[in-house]
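> Pasting a predicted model and its sequence here:
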Amino acid sequence: MTIASIMKYLFLFLLPLSFLTTACLEDENAFTVEASPVKADILMVSDPADETVVYQGTFTELDKDGILDATVGIIATPVANLELSITDQEQNLLESIVTDADGRATFSVAAASLAGVTRLEWAGSYNGKAFRILKNL
């Protein structure tokens, strides 16, 4: 066995070992990601061909206390009187709205005013926790 073949086998042995010892580094995020305090279902309820675009959002709080009980499950409670700011992707305020007793809020805007808008951001605060829900157009 030559020195070259020994070096080759040594290299092939050490290479995977080096991957195993360096692949377990822990990365730190630039910020902490937290779950939103509310769940939002945002749907377009008008025809985009109309001159007015209408989105309806339904905001609920999820009670997960009974998640392991098949007879209870997750309970979704509507969030009433929730103040929301709707902005575009550049943080330009489009409208401020408030949810009704059923947790619903309607955002209605002229289709022409959404020219160039690629995303709507529905932002607010619930139980002291700020949230931002993104809706791509």
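Done, it's in.

> Strands of this protein, residue ranges please.
39-44, 52-66, 73-78, 83-87, 93-98, 104-110, 119-126, 129-136 (DSSP state E).

> Comparing these by mean pLDDT, which bottoms out?
Here the lowest mean pLDDT among those goes to strand 73-78, at a mean of 85.

> List the buried residues for that strand?
76, 78 (16 or more other Cβ atoms under 10 Å). Bear in mind the C-beta positions are built from the backbone N, C-alpha and C, glycine included.

> and that strand with strand 39-44, angle?
60 degrees (axes from the mean of the first three to the mean of the last three Cα atoms, to 10 degrees).

> from what I can see Thr52 touches Val45, true?
No: when contacts are counted by Cβ atoms under 8 Å, Thr52 is not listed as touching Val45 (10.7 Å).

> Quick one: closest of the strands of the chain to Val33.
strand 129-136 (11.8 Å; Cβ to Cβ).
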